[in-house]
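Participant: how would this look folded up:
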Amino acid sequence: MRNKDLGTAGTGFHDWYWQRISAVFLLFSIPVLMGVLLLTYNGNISFETLNIALTHPISKTLCNLFLFAMLIHIWTGLKVIVEDYVHTTAMRVFVLNVLLVMLAGFAFYMTYHIWAELAYTFNCIPCGGG
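Facilitator: Residues are numbered from 1 along each chain as shown. Reported below is the predicted structural model:
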């Protein structure tokens, strides 16, 4: 049995490697994010404190790292699925390009909103606001 379309290296190792690297980063960052959200929802962290923490450049950098790890993980997973199940080369190239443009657009949109100097006002039911 002969493998086809294994990429330029011919092994598929590059996709496997980046999928695992991004998974390890997400494995450690998602519980931290969920913990902060849970502490905020329970009232242990005020929304004002959270806002101050999230506007710090280190927090913004960590948010960007999380975003790019997530997008790399999504891209490599979808790329492998498309390469496995879309059999015509023209359609595969089209689908991969559409996915890449969508993910790049999302990356630019979210990066802008992470680094925009906006003061968010939180009005929420658990914190007693409006």
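Participant: mind checking how far the lowest-mean-pLDDT helix or strand in the chain is from the chain centre?
Facilitator: In the chain, no helix or strand scores lower on mean pLDDT, DSSP states H and E than helix 47-54, which sits at a mean of 82. The chain centre lies 21 Å from the centre of helix 47-54; the measure is CA atoms, centre = their mean, to the nearest Å.
Participant: for Ser46, give its distance to Ala116.
Facilitator: Separation of Ser46 from Ala116 (CB to CB, to the nearest Å): 22 Å. Using the backbone N, CA and C atoms, a C-beta is placed for each residue, glycine as well.
Participant: in three-state terms, label Asn44 for me.
Facilitator: Look at Asn44: counting by DSSP: H, G, I helix; E, B strand; the rest coil, its state is coil.
Participant: quick one: which of Ser46 and Ala116 has more around it?
Facilitator: Neighbour totals were compared for Ser46 and Ala116, and Ser46 leads with 12 against 8 (other CB atoms under 10 Å).
Participant: extract the CA atoms of stretch 79-86 and return them as PDB.
Facilitator: C-alpha atoms of stretch 79-86 as PDB (Å, rounded to 0.1, in the frame of the first residue of the first chain):
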ATOM      1  CA  LYS A  79      -5.700  20.500   7.100                       C
ATOM      2  CA  VAL A  80      -5.200  16.800   7.900                       C
ATOM      3  CA  ILE A  81      -8.900  16.100   7.700                       C
ATOM      4  CA  VAL A  82      -9.200  18.000   4.300                       C
ATOM      5  CA  GLU A  83      -6.200  16.200   2.900                       C
ATOM      6  CA  ASP A  84      -7.600  12.800   3.900                       C
ATOM      7  CA  TYR A  85     -11.200  13.300   2.700                       C
ATOM      8  CA  VAL A  86     -11.100  15.800  -0.200                       C
END
